[in-house]
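In: 3D, please:
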Amino acid sequence: MIETSVEIEGLDDLTKQLTRLVSLAKQQQYVMNAASYALSPIVKEVKRLAPKAESEYIRYRNGRKDKVKPGGLKKAISRKRVKLEKSRGVALQIKYNKAFYWRFLEYGTPNMAAIPFIRPGFDTKKSEALQRFKDRYRSYVDDVIQRRASAGGNGDAGD
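Out: Numbers count the residues shown, from 1 in each chain. Sure, this is the predicted structure:
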């Protein structure tokens, strides 16, 4: 399974300032919203690169014959907010019950060459996603500072 994470350095000062201005819950909401916004180009690129069958095909499952329309893999790709051990995050998700075969395509099998689409999608859009995160997070910080200044510096601006 592909496990990749991106760590943003240099936002420590912004986080410290934001801690002084808004509650922890509001901070987490800002980070999650910015991360979700940042992941969008990666999700779109992975969907674009995902292979699609040329025509309808039959899949045998549990003794049944099911007709499967092309495009199921693209529909199964989405983003999802996840709770991690010490933090929270946003992940690209491929719904297993809809497209369990994604890993055979991404990594290949002994009888089939790999057709990677997740790694190339991530690699081509990771810098754009990082920039989108920085921009969105910066706008949240600027907004909080502006509201704090207009409120006269009293109380938490984010509550």
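In: what comes up buried for the longest helix along the chain?
Out: Longest helix of the chain, by residue count under DSSP state H: helix 118-150. Neighbour counts over helix 118-150 (16 or more other C-beta atoms under 10 Å) mark 118, 121-122, 125-126, 129, 132-134, 136-137, 140-141, 144, 148 as buried. For the C-beta atoms, the positions are set from N, CA and C on the backbone; glycine is no exception.
In: and what of stretch 74-88?
Out: By neighbour count on 16+ other C-beta under 10 Å, the buried set for stretch 74-88 is Lys74, Ala76, Ile77, Arg79.
In: Now do that stretch: distance to the chain's middle.
Out: Mean-position distance between stretch 74-88 and its chain equals 6 Å (C-alpha atoms, centre = their mean, to the nearest Å).
In: what's the longest helix of the chain packed up against?
Out: helix 12-21, helix 24-49, helix 102-107 (3 or more C-beta pairs under 8 Å, 6 or more residues apart in numbering; DSSP states H and E).
In: let's go with 10 Å and repeat that
Out: Judged by 3 or more C-beta pairs under 10 Å, 6 or more residues apart in numbering; DSSP states H and E, the packing partners of helix 118-150 are helix 12-21, helix 24-49, strand 88-94, helix 102-107.
In: now the angle from it to strand 88-94?
Out: Here the directions of helix 118-150 and strand 88-94 differ by 150 degrees (axes from the mean of the first three to the mean of the last three C-alpha atoms, to 10 degrees).
In: Taking helix 24-49 as reference, get the angle to helix 118-150.
Out: Relative orientation of helix 118-150 and helix 24-49, computed by the same axes, to 10 degrees: 150 degrees.
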